[in-house]
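Trainee: predicted structure and sequence below. I'll ask about it afterward.
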Amino acid sequence: MVERFERFTFAISEIYRYWHKIAADEMEKYGLKGTYSVYLVTMYRFPDGVTAAELCELCGKDKSDVSRTVAVLESKGLVKREEVNKNLYRARLKLTDEGKKAAEHVRERAKIAVEIGGKGISAENREKLYKMLETIAANLQIASAEGLPESCNIKGE
């Protein structure tokens, strides 16, 4: 069991580390941190814009992180706020033309990275991998909310 934990933890950590490095290298062109790539790619999917609250949910980030990121993206001219009912409260956040170009670039680079990362994995195994990762994430979400039991007799299915 401990070996499984170590293998899982190490693999996830390595994937995250290398993905973060690739994202940082790509975002450096825009004078941005690698973590901002997820915001650009997410916002690109919503041409009519998203609210900050929606962006929190979509990116799995808290309000303060989204607020800081949006401020930076605005200062770089990549994002603009659009009033709703003549008010900036709950404004729609939209990519500017420059933001769209940056997001398209990041999407293309991410596509290449994902292809390289998945090299040698069949479509069937890739689908199984994603399903397993989703299951692990859901199980750990429950465990983090409820706390770990004193002992566990769960067997793999």
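Mentor: In hand now; what should we look at?
Trainee: for residue 113, what are its contacts?
Mentor: With contact set as C-beta atoms under 8 Å, 6 or more residues apart in numbering, residue 113 has these partners: 19, 22. Any C-beta I mention is one placed from the backbone N, CA and C, and that applies to glycine too.
Trainee: in which helix or strand does it reside?
Mentor: Assigned by DSSP states H and E, residue 113 falls within helix 97-117.
Trainee: quick one, longest helix in the protein?
Mentor: With DSSP state H setting the assignment, residue counts place helix 2-27 as the longest helix in the chain.
Trainee: okay, buried residues for that one please.
Mentor: Using 16 or more other C-beta atoms under 10 Å as the test for burial, helix 2-27 gives 19, 22, 23, 26, 27.
Trainee: then stretch 50-68?
Mentor: 50, 51, 52, 54, 55, 56, 58, 59, 61, 66.
Trainee: so which of those sit within helices?
Mentor: Among those, the members falling in helices are 52, 54, 55, 56, 58, 59, 66 (criterion: DSSP H).
Trainee: centroid-nearest residue for the chain?
Mentor: Compute the mean C-alpha point of the chain, and by C-alpha atoms, centre = their mean the closest residue is residue 38, 4.7 Å away.
Trainee: enumerate every residue touching the spatially closest residue to that one that is not a sequence neighbour.
Mentor: What sits nearest to residue 38 in space, not counting adjacent residues and going by C-beta to C-beta, 6 or more residues apart in numbering, is residue 59, at 5.4 Å. When contacts are counted by C-beta under 8 Å, 6+ apart, residue 59 touches 38, 39, 42, 66.
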